[in-house]
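Enquirer: Build me a model from this:
(chains A and B)
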2 protein chains.
Amino acid sequence: MSEHVQVCEVGPRDGLQMAAGRMPTDAKIAWIAAMAASGVTEIEVGSFVPARVIPQMADTDDVVRATTQIPGLIVTGLAPNLRGAQAAYAAGAHRVAVPVSVSDGHSRANLNRTPAEQVAEVARIVEWTRAQPRKMLVAAACSTAFGCSIDGTVPEAAVLAVASGLAAAGADTISLCDTVGYAHPAQIRSLVRAARAELGSKVDNLHLHDTMGLGLANALAGLEEGIRAFDSSLAGLGGCPYAPGASGNIVTEDLVFMLESMGFRTGIDLDKLVATRALLAAGLPGEPMHGGLAKAGLPKTFRMAA
Amino acid sequence: MSEHVQVCEVGPRDGLQMAAGRMPTDAKIAWIAAMAASGVTEIEVGSFVPARVIPQMADTDDVVRATTQIPGLIVTGLAPNLRGAQAAYAAGAHRVAVPVSVSDGHSRANLNRTPAEQVAEVARIVEWTRAQPRKMLVAAACSTAFGCSIDGTVPEAAVLAVASGLAAAGADTISLCDTVGYAHPAQIRSLVRAARAELGSKVDNLHLHDTMGLGLANALAGLEEGIRAFDSSLAGLGGCPYAPGASGNIVTEDLVFMLESMGFRTGIDLDKLVATRALLAAGLPGEPMHGGLAKAGLPKTFRMAA
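Expert: Purely as a prediction, here's the structure:
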């Protein structure tokens, strides 16, 4: 058997929160169910944030409740604070993703807290979550780990300090996020290597944006450094409100194509996955959709990894 | 000093030959001159093919004559046969690029010859060229080296056989071309490694298309295998008439961004290069233009390699 790589679909959260329009709740649920049916086993389905801040996420509670009924699907909800994590737990989320900006400027703009304050919030979330009867994983995400549109360069030492703080806080996993899409492959290699040297396989995921067209090259660099989990979004939806010009996440279907072509196993049926773009388009008319594979079709030479 | 990577702009040939419109000769020359002024030192400016086959290339003779006057620029003309190579020589081209399809189907469709017949044509071109008073390099390009939209899978052994034939024929350099954009990084690594093990640094260039969004990931894989020259086209123009759905070449400005970010030196000023997109747009109105960097702008964290 080929080695498995985990693809975590974040389009319903990272993609839809940036969309011009608002996808109806039923459409979100149908789209998520279709992606799950294509073999996607981890989906970040929404954010537990105030509806006045991100109106597109106002129905996250309903979306989590519905999608946690899908057999075999691990449902993640994003929560910026303890209150959000409690809401995620109450809704039945299997995992809560907590963003922690490494750069001060992004942290204040996005979370209205310093990085250190947000690390402390993660500690509170872990403590509260562990005291509950049901298990919910706490996945911490180091935002702006590869650069910031506000602060510019983010030193590797700053990322390692935040990541170590998150490990000490008890986060189950730590993701390194190129929130604004500034990363290049050598930087990915260097930071992944340093973070895993210090924290081991707890640093298990890369969250990449394709702002400069380098998204899959960066994924390849991470893959070669041992990363076996990637966030991505169908049709490359997504962006960041505090990162002007930042385009969407890496394109799920192109990522899966790359991984399967290289002999890694994702468990995802590419034809079925590409077909779910129709549900996205129907639920969010007019939203730009990206991706090479969907346009060109699967090449004659393609074969799924065994 | 950082290590140099050679970027060979092929937009005026591979891009324009596939364009819906036809760029006026003066506009081509101005665009090429502007790219050269931004630091691009190698440009494939056109094809010596019958005007009835590719009308966009009918003025290649004039374009070569004009652009060979640009100081420091190495001007390449594509020629599918001896007659074309002779025309390239007469026009003053510094280098002639000769395509040799590895797959039989593409070879017949594109060149109306078998691969072996085309290797023999390269031998004739080399022989004729060496007998001339002026030096002109013969760059052979192994088309469909990573798969073919007509024949499907192209065995590595077939590529190596053609490449060895081209080396024996006396080609100065050999390029491996993902003509239809089917390649994945593991395949790039494998073929580059095998070809260079057999033929050494004569195999010096990758020609990649971004059909599936994997273009820069494939470039990275090649880079890591020692390749230090890449074809690319400004704004990702390009395609292949016998490869339905195949999109353009990898985007020059995104490639340069990746290379310079990683500490390689291209000699290209990215701001100036991006500015030449305006000349392309003016000369070919309505043609789709791609690329992340041009849309997002250079990030705050970017610095040219020293």
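Enquirer: only C-alpha atoms for contact and neighbour calcs from this point on.
Expert: Fine.
Enquirer: for the most centrally placed residue in chain A, helix, strand, or coil?
Expert: Nearest to the mean C-alpha position of chain A, by C-alpha atoms, centre = their mean, lies residue A:231 at 4.0 Å. Under DSSP: H, G, I helix; E, B strand; the rest coil, the three-state class of residue A:231 is strand.
Enquirer: Contact partners for it?
Expert: Residue A:231 is in contact with A:7-10, A:205-208, A:249-250, counting by C-alpha atoms under 8 Å, 6 or more residues apart in numbering or on different chains.
Enquirer: Out of those, which comes closest to chain B?
Expert: residue A:250 (9.6 Å; C-alpha to the nearest C-alpha).
Enquirer: neighbouring contacts of stretch A:97-117?
Expert: Stretch A:97-117 is contacted by residues A:76-81, A:118-119, A:122, A:138-145, A:147-151, A:154, A:158-159, A:162, A:242 when judged by C-alpha under 8 Å, 6+ apart.
Enquirer: which SSE is residue A:181 in?
Expert: Residue A:181 belongs to no helix or strand when elements are defined using DSSP states H and E.
Enquirer: Can you pull the phi/psi pair for it?
Expert: phi 80, psi 30 (degrees, to the nearest 10).
Enquirer: Could I get the phi/psi values of residue A:106?
Expert: Here is the backbone geometry of residue A:106 (degrees, to the nearest 10): phi -70, psi -40.
Enquirer: swap that for residue A:146, please
Expert: Torsion angles, degrees, to the nearest 10, at residue A:146: phi -120, psi 20.
Enquirer: and residue A:2, that one's in a strand?
Expert: No - assigned with three-state DSSP, residue A:2 falls outside any strand and is coil.
Enquirer: is it true that it touches residue A:265?
Expert: Yes - here residue A:2 reaches residue A:265: they are 5.7 Å apart, a contact under C-alpha atoms under 8 Å.
Enquirer: which residues are common contacts for these two?
Expert: Among the neighbours of residue A:2, those also in contact with residue A:265 (C-alpha under 8 Å, 6+ apart) are A:305-306.
Enquirer: how about the residues of the stretch 51-200 of chain A near chain B?
Expert: Contact residues, the stretch 51-200 of chain A versus chain B (C-alpha under 8 Å from any C-alpha of the partner chain): A:147-149, A:152-153, A:182, A:184-187.
Enquirer: the helices in the stretch 1-150 of chain A, which residues?
Expert: Ranges of helices in the stretch 1-150 of chain A, per DSSP state H, counting those that start in this stretch, are A:25-37, A:60-67, A:82-91, A:104-111, A:115-130.
Enquirer: Report the buried residues of the fourth one.
Expert: For helix A:104-111, the buried set under the neighbour-count rule, 16 or more other C-alpha atoms under 10 Å in any protein chain shown, comprises A:104-107, A:110-111.
Enquirer: Student question: in chain A, what's the helix or strand with minimum average pLDDT?
Expert: When the helices and strands of chain A are scored by mean pLDDT, DSSP states H and E, helix A:292-296 comes last with a mean of 91.
Enquirer: What residues sit buried inside it?
Expert: Neighbour-count burial for helix A:292-296 [16+ other C-alpha under 10 Å]: A:292-294, A:296.
Enquirer: That one near chain B anywhere?
Expert: Yes - using C-alpha under 8 Å from any C-alpha, helix A:292-296 comes into contact with chain B via A:292-293, A:295-296.
Enquirer: Could you export those residues as JSON lines, including distance to residue B:55?
Expert: Shown next, in JSON lines, are the residues of helix A:292-296 next to chain B (distance: C-alpha to C-alpha, whole Å):
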{"residue": "A:292", "distance to residue B:55": "28"}
{"residue": "A:293", "distance to residue B:55": "30"}
{"residue": "A:295", "distance to residue B:55": "27"}
{"residue": "A:296", "distance to residue B:55": "26"}
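Enquirer: so which of those would you say is closest to residue B:303?
Expert: residue A:292 (29.2 Å; C-alpha to C-alpha).
Enquirer: give me every residue that touches the nearest residue to that closest one once chain neighbours are set aside.
Expert: Ranked by C-alpha to C-alpha, 6 or more residues apart in numbering or on different chains and with sequence neighbours excluded, the top spatial neighbour of residue A:292 is residue B:212, at 4.1 Å. If you count contacts by C-alpha under 8 Å, 6+ apart, residue B:212 has them with A:254, A:291-293, A:296, B:181-182.
Enquirer: Farthest-apart pair in the residues you listed, please.
Expert: Most distant of the contacts of residue B:212, by C-alpha to C-alpha, are A:291 and B:182, 14.4 Å apart.
Enquirer: neighbour-wise, which of those two wins?
Expert: The residue with more neighbours, out of residue A:291 and residue B:182, is residue B:182; 29 against 21, by other C-alpha atoms under 10 Å in any protein chain shown.
Enquirer: and stretch A:141-156, which residues are buried?
Expert: A:141-150, A:152-154, A:156.
Enquirer: oh sorry, the question was meant for stretch A:90-104
Expert: Of the residues in stretch A:90-104, A:91-104 count as buried by neighbour count, 16+ other C-alpha under 10 Å.
Enquirer: Reformat those into CSV and put pLDDT next to each item.
Expert: Compiled in CSV, these are given as follows (pLDDT from 0 to 100):
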residue, pLDDT
A:91, 98
A:92, 98
A:93, 98
A:94, 98
A:95, 98
A:96, 98
A:97, 98
A:98, 98
A:99, 98
A:100, 98
A:101, 98
A:102, 98
A:103, 97
A:104, 97
